[in-house]
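Undergrad: Give me coordinates for this.
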Amino acid sequence: MSSELRLKKLRGSGGYVMATVTDEQQMKGNLGGPDLFLAPIGRLDPDKITKHFCNTCEKEFEGPPKIEFENPNEEVAENLILAERGQYICNSCNASIAEYRDFKKEDEAGEVGSAKPLEPQVQSAPQQEVTTQQVPQPVVPQPTTTQATTTQPGPATSVTSIEGKSVFDENANMIGTAKQVGIDSTQSMVLVITKEDGTEGSIPWNSIKKIGQVVLLGSPEVKVQAGKCSSCGFTNKEGSKFCEECGTKI
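TA: As a prediction, this is how the structure comes out:
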């Protein structure tokens, strides 16, 4: 692979930077679309940054933004250490242009295990009746701790405690920040996130593998609804042996 440096635009939730990066850094910053993102790359050498743009100032500046970071070396899951966290900050208004997290495995060949438990909640919110809106984007908050027991996250995790946490995919790449929990147009529970480019997206609840100091994603758990036809998708009465819609054996 070529090690030649190329000038690229790297986006963050609050702006972007223009920087010369290697092919390896470009691969880290590519989340599957046409844009490259700063958060998965982590901390760049300020000498490699030629310009930065702040969404708050709505202005492009010459040179690098401020880069502030710390090294907590905090265990967030079994065999997963938060080695560094930091952010790129506008030199003019001190607004955040991008945040990043750098994770390390103690055993590179090993798998990431269970997340570090959250601190117990002082008081859980009372159970509330869920109302939904028939719109494509999920917007309805969900109730309390009992919801978490239907997924991989343990019972110590409440729905409200997820809000504001960084969301990472199974390769430990940051893809956004948890905003709220809601219901989509198919009445399925989802996690609404704010992506690194500032847009909103949703993740199926069964795609969440572990929840600790961060939200880790994994492969979705496939659950077959009782009575649902595998051929046409019609939901039959429980105990039905044949689909009432198309006649396929269930």
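
Undergrad: Might one say that residue 7 is in contact with residue 18?
TA: Yes - the pair formed by residue 7 and residue 18 meets the contact definition of C-beta atoms under 8 Å, at 6.3 Å. Where C-beta positions appear, they are placed from N, C-alpha and C, glycine not excepted.

Undergrad: Give me the more crowded residue out of these two.
TA: With neighbours defined as other C-beta atoms under 10 Å, residue 7 and residue 18 compare such that residue 18 has more, 17 against 11.

Undergrad: ok, and the more buried one, which helix or strand is that part of?
TA: Take DSSP states H and E as the rule and residue 18 turns out to sit in strand 15-21.

Undergrad: Touching that strand from outside, list them.
TA: Contacts with strand 15-21, where a contact means C-beta atoms under 8 Å, 6 or more residues apart in numbering, come from 5-10, 29, 36, 38, 41, 44, 48-56, 64-65, 88, 90, 95, 97-98.

Undergrad: neighbouring strands for it, and are they parallel or not?
TA: strand 6-12 (antiparallel), strand 49-54 (antiparallel) (DSSP bridges).

Undergrad: Could you look over those strands and pick the most buried one?
TA: When these are scored by mean count of other C-beta atoms under 10 Å, the highest mean neighbour count falls to strand 49-54 (a mean of 20).

Undergrad: Now tell me what touches that one from outside.
TA: For strand 49-54, contacts defined as C-beta under 8 Å, 6+ apart pick out 7, 14-20, 59-65, 88, 90-93, 95, 97.

Undergrad: Quick one: buried ones out of those residues?
TA: Among the contacts of strand 49-54, the ones that count as buried by 16 or more other C-beta atoms under 10 Å are 14-20, 61, 64-65, 88, 90, 97.
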